[in-house]
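>>> next input, structure requested:
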Amino acid sequence: MNVKILLLITLSTLCIVVLFKDYNNIHSRIGKIIQESEAKLSLKTIKCSDNSPRWMKNSLEFIINDQKILTNQIAYIDSNQNLHTCLSGWKNGFIFREGPTDDTRFRYASLTKVITHHAILKLIEAGQINKDDFLTRYFKELNNKNFVDERVTTITIENLLEHRSGFDHTKSLDPIVQFNHRSWCPYNIKKLTNIHLDFDPNQYYRYDNRNTCLLSLVLEKVTGESFQDYIRKNYSLSTKNIKFIAGPFEKDEVSYDYRNNPAWSNSYYKNLDFNTLAAVGGLSGNASQFATLTQELINSKAHDFFNHSYNAQKSCEFNSFKTCNGYLFRYYQKNHVSPKMYYRNGSLAAATSLLAVTENNEIVVWLGNSSLPQSDRQENRLELFLYKELYKLYL
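Numbers count the residues shown, from 1 in each chain. This next block holds a predicted model:
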C-alpha cells in the first residue's frame, strides 16, 4: 500500500478516535458558542398566564440570562390560592421550535424529598412513628447486632428528617447516585452495622441522600407497603400525572440541555438505579401540579410542617443559605425582622428545580431543563433573586 495513503488512513482513524473519545467535551464547546444566541431567542419565547405578577417574567429572564437555563416552567399559587404560570424555551430543543406547555413533564429531582419527609410527619402525627425514636428500633434484623460504629444506634428519626444523622457526602461515598453501583440503601439495612459515620448524630447539619432513603425504609416497615405504592396511593399521584421515574425519558417529557455540566449526557439514566432514587429524587411531573400538591400538603396542616428542632434552630445562620434545615424545608431570612422563605431545591443531571413557600403560604415551583452553572451552586443567586422578588415590600 502507498505510504501516503497509509499515513492518511492512520491520521483519519486517529482523528475519529479522538473525536468520539472527547465527543461530549467537543459538543459542549460548540454548544456554548451558540448558547448565547439561543438565550436571546429564549427570552422572546416567554409566555405567562393572564394577570401573572411581573416578578414571574422577571424570574425567567434572570434564569435565562444569568443561569443559562433556556427551557423553564414556573408556577405560582398566590395568597388567594389563584394559580399563575410562565413558560420559556422549547420542549425538544431549539431546532424543533415547539414550545413547552403547562403539562410538559420535568424531573423534580430532590423536590421529591418534600413528599417523603411529609409522609413521615403524617405517620408521626398518627402515632405510628415517634420522631425521638432511634432508627434501629424499626428493624428487628438489627437487634443484638454488633456495630462497627456504635454512634449509628443513636441516630433518631428527627436526625434523619433534618439531615443531622452523621452522614456527610463530602467525606464518605453517597451510594444513592453512584453510576453502575448497587446502593446498600434501600436494599440492605444490615449494612448499617459496618458503616462509620462522618460526625456525631445531631452535631450539625449536612445534606445527604442517605437520610431520606433510610426514612423511606422506616415508612415501609411501619405501613407494610412498598414506598412507591404508599406514596402513589396517599398522594393521589395518578390524578396529577405525577410519576416515579423508571429511567428512560417519557414521551411528554422535556429534552434536557447538558451544556452547563458536560459531565452528564442523555444516556445517564442507563447507569443509575431509579428504585434507589425513588424516595430522594424519583418523581416527575409539571410545575403546576407540584404547586397544587404542595398546597394540599400545607392545607393538611401536617405536624411540624415548617418546624425545626431546637438543636437545628440553635445552629442556624438564618441569613445564610443551606444552614437552616427543618423537617421538610431549608429557610432563608434576610434579618430578624424580615419574613422567611422556606425552600427546597433539587438537581438531577440536567434537571434543576426549586420549591419556595412564603409565610403567607404562597407557593412557587420552578423547573428547568439544565443544571445550574458551577458558580451558582455555591452562591444561591436564584434563591436570593426569588426572595427579593417575593418580598420587595419588605426590603
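>>> what's whatever helix or strand residue 219 lives in packed up against?
Taking DSSP states H and E as the criterion, residue 219 maps to helix 209-223. Applying 3 or more CB pairs under 8 Å, 6 or more residues apart in numbering; DSSP states H and E, we find helix 209-223 packed against helix 112-125, helix 157-161, helix 184-187, helix 227-234, helix 274-281. In this view, the C-beta of every residue, glycine as well, is placed from N, C-alpha and C.
>>> got the contact list for the first one?
Just to be clear, that refers to helix 112-125. Residues outside helix 112-125 that contact it (CB atoms under 8 Å, 6 or more residues apart in numbering): 129-131, 157, 161, 212, 215-216, 218-219, 222-223, 227, 230-231, 234-235, 278-283, 293-294, 297, 300, 302-305, 327-329, 344, 346, 355.
>>> now the helices for this structure?
Here the chain has its helices, by DSSP state H, at 3-21, 23-44, 54-62, 112-125, 157-161, 184-187, 209-223, 227-234, 274-281, 287-299, 310-314, 376-379, 381-390.
>>> the closest residue to residue 254 other than its chain neighbours and residue 285, how far apart?
Once flanking residues are discounted, residue 254 sits nearest to residue 369: 4.9 Å by CB to CB, 6 or more residues apart in numbering. To residue 285, residue 369 is 14 Å away according to CB to CB, to the nearest Å.
>>> mind checking how far residue 84 is from residue 104?
17 Å.
>>> show me what contacts residue 391?
334, 338-339, 341, 358.
>>> not counting residues beside it along the chain, what's closest to residue 174?
residue 209 (5.4 Å).
>>> can you give me the distance of the one you found to residue 112?
11 Å.
>>> which ones are touching the closest residue to residue 360 other than its chain neighbours?
Using CB to CB, 6+ apart and skipping the chain neighbours, the partner closest in space to residue 360 is residue 79 (4.6 Å). For residue 79, the contact set (CB under 8 Å, 6+ apart) comprises 360-362.
>>> per-residue confidence at residue 79?
pLDDT for residue 79: 92.
>>> check residue 5 too.
On the pLDDT scale, residue 5 gets 58.
>>> ditto for residue 179
In this model, residue 179 carries a pLDDT of 85.
>>> please report how far the closest residue to it other than its chain neighbours lies from residue 297.
Using CB to CB, 6+ apart and skipping the chain neighbours, the partner closest in space to residue 179 is residue 271 (4.1 Å). Using CB to CB, we find residue 271 at a distance of 32 Å from residue 297.
>>> ok, these two, which is more surrounded?
residue 297 (21 against 11; other CB atoms under 10 Å).
>>> show me the contacts for that one.
Residue 297 neighbours (CB under 8 Å, 6+ apart): 114, 118, 305.
>>> pretty sure the last one sits against residue 328.
If I follow you right, that is residue 305. Yes - under the criterion of CB atoms under 8 Å, residue 305 makes contact with residue 328 at 6.3 Å.
>>> and stretch 182-193, what's buried?
For stretch 182-193, burial by neighbour count (16 or more other CB atoms under 10 Å) applies to 183-186, 189, 192-193.
>>> with only the CA atoms kept, save it in PDB.
Taking Å, rounded to 0.1, in the frame of the first residue of the first chain, the C-alpha atoms of stretch 182-193 are listed here in PDB:
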ATOM      1  CA  ARG A 182     -25.900  -1.000  43.700                       C
ATOM      2  CA  SER A 183     -26.500   1.100  46.800                       C
ATOM      3  CA  TRP A 184     -26.900  -0.600  50.100                       C
ATOM      4  CA  CYS A 185     -29.900   1.600  50.800                       C
ATOM      5  CA  PRO A 186     -32.700   0.600  50.200                       C
ATOM      6  CA  TYR A 187     -31.600  -3.000  49.700                       C
ATOM      7  CA  ASN A 188     -29.500  -4.000  52.700                       C
ATOM      8  CA  ILE A 189     -30.300  -2.300  56.000                       C
ATOM      9  CA  LYS A 190     -27.800  -4.600  57.700                       C
ATOM     10  CA  LYS A 191     -25.000  -2.600  56.100                       C
ATOM     11  CA  LEU A 192     -25.500  -0.100  58.900                       C
ATOM     12  CA  THR A 193     -23.600  -2.400  61.200                       C
END
